[in-house]
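Student: With the sequence up front, the predicted model follows.
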Amino acid sequence: VGSAAEMCADVPTRTLSVVAKEARIILRFTLPLMLRMYLRCAADRLAIAWVGHYDATPDHIAGALLGKMYSNITGLSIGIGIALGVSTYASQNHGRGEDRRNGEVLRQCGKAMVPA
């Protein structure tokens, strides 16, 4: 057993290795989500570029941008929010052993998506 000074000198090294290990775990989960969001944004940009390529009239590009903004606000934000809610409720139902209630959650979210 080493002295207290030797044990304290080893703490930053152990802490750094723990932080690096946690960072790798978080990145393993985060990178696919980031890639999905980058591709979703790229699809939006390509749609606007398509309109600009075939019709360079500023009013038409502005209309396409307004329509894309409206669909993002009404459709995507509500859809993503409901998807996050479904995953939360589904994991809680699974954790307490009531998987049969997941269908009920899905039906309720479907009802909420009808107006969107």
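Tutor: That came through fine. Numbering: from 1, shown residues only.

Student: OK, contacts around residue 25?
Tutor: Residues counted as contacts of residue 25 (CB atoms under 8 Å, 6 or more residues apart in numbering): none. For glycine as for every other residue, the C-beta is placed from the backbone atoms N, C-alpha and C.

Student: mind checking which helix or strand it is in?
Tutor: Residue 25 is located in helix 4-54, with elements delineated by DSSP states H and E.

Student: Give the rounded mean pLDDT of the following helix or strand past that helix.
Tutor: Where DSSP H and E defines the elements, the next helix or strand beyond helix 4-54 is helix 58-71. Averaged over helix 58-71, pLDDT sits at 89.

Student: what's the answer for stretch 22-30, then?
Tutor: Mean per-residue pLDDT for stretch 22-30: 92.

Student: try stretch 85-97
Tutor: On average, stretch 85-97 scores 89.

Student: What residues sit buried inside it?
Tutor: Buried residues in stretch 85-97, counted by 16 or more other CB atoms under 10 Å: 86, 89, 93.

Student: Turn those residues into CSV, columns for distance to residue 36 and secondary structure.
Tutor: Formatted as CSV, these follow (distance: CB to CB, whole Å; DSSP: H, G, I helix; E, B strand; the rest coil):
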residue, distance to residue 36, secondary structure
86, 17, helix
89, 22, helix
93, 25, helix
